[in-house]
Structures are given as C-alpha cells and as structure tokens.
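Novice: Next comes the sequence, and after it the predicted model I'd like to discuss.
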Amino acid sequence: MGLELRQQLKLTQQLVMTPQLQQAIKLLQLSRLELVESIQQELMENPFLEELDPDVVDTAPATDNLDDYESAHNDVQSRADEDLMRNADWENYLGEFSSVTKQSLGRELEVPEEGLSFEARLTSKPSLDGHLSWQMRLSNFSERDLAVGDVIIGNLDSRGYLQATAEEMREQLPDVDLSDIEAVIRRIQRLDPVGVAARSVQECLLVQMEVLGMDRDPILVSLVRDHLEDLEKHRYKPLTKKFRISMEDLKEYLDLLQTLEPMPGAHFSSGDPQYVSPDVFVYKHGQDFVIVLNEDGMPRLQLNAFYVENLKAKTSVEKDYFQDKVRSAEWLMKSLYQRQRTLYKVMESIVRFQREFFENGVTKLRPLILKEVAEDIGMHESTVSRITTSKYVATPHGIYELKFFFNSALDLDDGTQVGSESVKALIKQLIGEENPKRPLSDEQIGEILKQKLEVNIARRTVAKYRTAMNIESSSKRKQVF
C-alpha cells in the first residue's frame with residue numbers, strides 16, 4: 001500500500017467559548033466589590049469607555065448652544081473666584097510663609113486635625129512581631145540576643161506560641177548554645193504580652209502566674225501544670241478530693257485562672273472586620289416583597305461619543321485596535337446589564353420559593369436546590385450557581401448569602417420535608433434556651449425535634465449540625481457553679 005494525500009470534508013459541532021462569552025460568565029460570579037474593581041480597570045484601559053456622571057447630566061443647563069453653556073459656566077466660575085479672593089483666610093493658607101509668623105499670633109506649631117486628610121488619620125494595627133521587636137530594642141538585649149530573638153519571633157504562630165524547638169532554631173544560629181536560646185526565650189516570654197513564645201498552654205499560664213505573683217499558691221500551680229484537662233472536662237469532684245478543698249474554693253481558683261490569657265498573641269493577629277455590602281435588598285411592602293438591586297457605587301458606563309465620532313484610524317493596526325476597544329466596551333455594558341437582569345430574576349425566584357422565610361424567619365426555610373430555580377427562570381443550573389456565588393441579600397431577618405437559601409431536606413412523618421437550615425436554627429434556639437446546669441444532650445434535642453416538628457433526625461445528625469455551628473457538646477456546655 002502506498003501513501004496518498006486526500007482532501008476530506010468533515011462536519012462537526014462543538015461549543016466555542018468566545019472572549020465575550022468568557023467575559024459574561026466571569027462577571028456573573030464576581031462579587032460586588034470585585035465587579036467594581038473590574039469595571040474601573042476596564043475604564044483605565046479602554047479609551048472608548050467612560051463613566052456617566054449623573055450629577056453633570058442633571059445639573060447641566062438646558063441650552064442648545066454650547067457657547068452659551070460655556071459662557072454661563074465661566075460667569076459662575078468667575079463669581080466663585082472673586083468670592084474666594086475676597087473671603088479667603090490667607091494667613092492660614094500661607095502658614096509658615098506668611099509675613100506674620102504663627103508664633104507672634106500665639107498659635108501652636110502643630111497641624112490641626114481638621115487639616116489632615118482621611119488617610120493621614122488612619123494608623124495600622126501593630127503586629128505581634130513588630131511589637132516584640134520594638135520592646136527588645138528598647139531593652140538591654142545584646143546584638144547576639146537580638147539576632148536570637150528575631151529568629152524566635154519569626155517562629156511564633158498567630159496565637160503567640162513558639163512553633164520551633166530550640167534545636168531547630170539552633171540550625172539557623174550555629175554559633176549560639178541551646179542554653180543561650182532558652183535564656184532569650186525566657187526573656188521574651190516576660191515581655192508584653194506576657195506568656196508569648198510559650199511552647200504549651202501550661203507554660204503560657206505558668207509564666208503569667210509568675211509575673212503576677214500567683215505562683216505562690218501550690219494548688220493553683222498544680223491545677224495549671226497537671227489538671228488542665230480535668231478542668232476543661234469539668235471533672236471537679238476528684239480535684240476537690242485530691243486537694244481537700246470545697247467546691248466554693250475550687251470556683252475561686254477557676255475565677256483566678258479565667259483572668260489569664262491562654263492565647264497572648266490573638267489580640268495582634270485579629271484582622272479588621274470584613275463588612276459585607278449586599279447586592280440585593282428585599283423589602284416588604286404591604287403583602288408583597290419588593291426587590292431592589294444595589295447600584296450604589298456601581299459605575300454607569302457609556303461610549304465616549306467624542307472618540308467614537310472623531311477618532312479616525314490612519315493604519316489598519318489602529319483600525320483593528322479601535323474596533324476591538326469599541327466592541328469590548330459594548331460587550332461589557334451588555335454583559336453588566338445581563339448580569340444584573342439575571343441576578344434580579346434569580347432573587348425573584350428565591351423569594352417565590354422561600355416566601356415563608358421572608359415572612360417568618362429562618363425556622364421556615366424550605367428545602368431548595370439549584371435545579372428548581374433554574375427551571376423556574378428558564379436558565380441553566382451553572383448560571384444560577386455562578387450568580388449566587390459571593391452575593392448577599394439584605395432581608396427583613398438579616399443579611400444572608402444567596403447560597404444560604406439552597407439547603408438539603410429532612411423527611412417529616414407526614415411525608416413532607418423541612419430544610420436543614422431550619423433544623424439548625426431550631427437546634428441553636430433549643431440550646432440557647434436550655435438550663436446551663438442541665439444542658440440538653442444530642443439525643444434529647446433529637447427527641448424534642450421529633451415531637452415539635454415530627455422530623456426524623458438521628459442523634460449523629462444533631463451532633464453534625466451542632467458541630468457545624470461551632471456549638472460544644474453538652475458536657476462542655478454544662479455549668480457546675
């Protein structure tokens with residue numbers, strides 16, 4: 001058989017993701033803040049795209065002649081300049097360059113707070129590393145001890161605990177003995193916050209007790225050194241027998257221990273609060289719910305008419321560039337409109353499915369899956385999934401992520417179903433109302449739910465939901481005193 005070249009036609013179907021389609025899909029899953037950043041980036045890169053200023057449009061004089069508008073604007077500006085020249089506080093404006101010095105006027109040489117910019121008034125929160133390093137350099141640490149201290153500080157975790165052994169740190173400090181490293185660790189542990197650079201909770205608390213003079217009581221020292229696990233699990237009676245003290249005496253010891261800080265570095269590692277800006281607002285108006293998209297701070301886009309009409313390409317490269325940028329601007333505006341329209345339709349569908357929630361709260365949240373909303377609005381499941389990612393809605397009962405409304409189902413005895421989030425809310429409510437000295441066990445919670453909701457829920461499911469909500473078990477919730 002010989003080889004031969006042959007032309008052949010083949011008809012196939014395949015999905016091609018155009019750049020415009022990729023952009024539209026990307027915009028769907030962006031959060032509100034990420035969307036604003038993306039729009040601002042496009043405004044910087046695309047000369048044919050500009051932000052529409054509603055104030056300029058509303059306040060512009062209704063004149064057909066551009067020369068008349070410019071003349072009126074110049075008259076207003078000149079009057080404003082004359083008023084500024086007449087009433088300006090030139091002494092304050094000139095400052096140090098004034099012919100009459102501030103000292104002669106009896107003014108202080110400090111900058112008034114009113115004159116500072118908003119950014120100048122902000123201060124960054126000190127880090128644990130910087131706080132300890134600053135204290136070491138104000139103390140009588142030698143250059144060698146400072147080098148050791150920097151290595152120690154570099155091995156602290158967010159709680160302030162030392163995560164490396166002296167042997168491991170000695171690999172970075174070959175000329176330093178283990179005893180010298182331990183000595184520097186001991187000195188750092190007594191800096192502020194006291195107990196930092198400890199290797200265990202016991203060591204951290206014992207250092208604080210030593211500094212505060214609480215280590216003179218042998219019972220208190222023994223409770224920390226040998227019986228922290230017993231205290232954590234509320235095994236109090238064996239401790240009273242061992243130390244021959246009453247429960248009231250033990251309670252006094254516990255009150256003293258609670259004044260100590262088991263995580264000395266946590267105060268420095270706590271970040272600034274993250275605020276959520278809702279993408280949608282849902283208000284109740286009469287018997288209906290009104291959906292309002294949050295457009296605050298969202299740039300309103302338009303094509304730059306001057307560039308579109310007057311910018312002429314001289315070469316084919318320029319022509320392609322101009323066409324590409326105009327097309328990109330048009331697609332962005334169209335994609336933004338489609339995104340907002342999709343978000344509104346999805347929220348409208350969620351309100352229809354979860355009306356009981358919007359009326360009565362979390363306990364009435366029904367089971368819901370993405371497929372139900374997708375079929376309701378005639379869109380694909382993946383589109384609903386993307387538009388509900390990192391989006392938040394402000395409801396009469398608080399701010400929730402859109403994903404919150406999609407939850408699994410639990411079967412009731414009458415054949416109907418209830419949402420898992422409703423069951424979680426009831427579990428949290430039952431635990432919040434329990435007697436702290438006789439907390440409800442997971443099995444008891446399951447029985448109460450079965451009687452109240454007629455829901456078939458196992459003890460391990462109650463434990464799973466309780467753990468997901470970061471609620472401790474009944475043994476750890478129990479209050480003896």
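Specialist: Received the coordinates, thanks.
Novice: From now on I want contacts and neighbour counts done on CA atoms only, so please keep to that.
Specialist: OK.
Novice: What are the structural domain limits within the protein?
Specialist: 29-54+272-407, 128-269, 409-481 (automatic domain parsing).
Novice: Same list, the ones you listed, but as TSV with distance to residue 6 and mean neighbour count please.
Specialist: Converted to TSV, the domains of the chain look like this (distance: least, C-alpha to C-alpha, whole Å; neighbours: other C-alpha atoms under 10 Å):
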stretch	distance to residue 6	mean neighbour count
domain 29-54+272-407	37	16
domain 128-269	68	16
domain 409-481	60	16
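Novice: Of those domains, which shows the lowest average pLDDT?
Specialist: Among the domains of the chain, domain 409-481 has the lowest mean pLDDT, at a mean of 81.
Novice: which residue is nearest the middle of this structure?
Specialist: Taking C-alpha atoms, centre = their mean, the centroid of the chain lies closest to residue 274, which sits 3.5 Å from it.
Novice: Run through the residues that contact the closest residue to residue 422 other than its chain neighbours.
Specialist: Leaving out its chain neighbours, the residue that sits closest to residue 422 by C-alpha to C-alpha, 6 or more residues apart in numbering is residue 363, at 4.3 Å. Taking C-alpha atoms under 8 Å, 6 or more residues apart in numbering, we find residue 363 in contact with 357, 421-423, 425-426.
Novice: Are we agreed that residue 410 is in a strand?
Specialist: Yes - read with DSSP: H, G, I helix; E, B strand; the rest coil, residue 410 is one of the residues of a strand.
Novice: shouldn't it be in contact with residue 458?
Specialist: No - the pair residue 410 and residue 458 fails to qualify as a contact (C-alpha atoms under 8 Å) at a distance of 10.8 Å.
Novice: How far does the helix or strand hosting residue 425 sit from its chain's centre?
Specialist: In the assignment (DSSP states H and E), residue 425 maps to helix 420-433. Remark: helix 420-433 is offset 25 Å from the chain centroid, using C-alpha atoms, centre = their mean, to the nearest Å.
Novice: Touching that helix from outside, list them.
Specialist: 362-367, 407-410, 439-440, 445, 462, 465-466, 469.
Novice: got it, and stretch 241-248?
Specialist: Under the criterion C-alpha under 8 Å, 6+ apart, residues 219, 236-237, 240 lie in contact with stretch 241-248.
Novice: make it 6 Å
Specialist: Applying C-alpha atoms under 6 Å, 6 or more residues apart in numbering, the contact partners of stretch 241-248 are residue 240.
Novice: Over to stretch 336-352?
Specialist: residue 28.
Novice: How far does it sit from its chain's centre?
Specialist: With C-alpha atoms, centre = their mean as the basis, the mean position of stretch 336-352 lies at 24 Å from the chain mean.
Novice: Same check on stretch 204-223?
Specialist: Worked out by C-alpha atoms, centre = their mean, stretch 204-223 lies 38 Å from the chain centre.
Novice: With stretch 209-228 instead?
Specialist: Computed by C-alpha atoms, centre = their mean, the chain-centroid distance of stretch 209-228 equals 39 Å.
Novice: ditto for stretch 319-330
Specialist: 37 Å.
Novice: List of residues touching it?
Specialist: Here stretch 319-330 has contacts from 49, 313, using C-alpha under 6 Å, 6+ apart.
Novice: switch to 8 Å and redo it
Specialist: Here stretch 319-330 makes contact (C-alpha under 8 Å, 6+ apart) with 20, 46-49, 303, 308, 312-313.
Novice: ok, now stretch 227-240?
Specialist: Defining contact as C-alpha under 8 Å, 6+ apart, one finds that stretch 227-240 is touched by 202, 246-247, 250, 475-476, 480.
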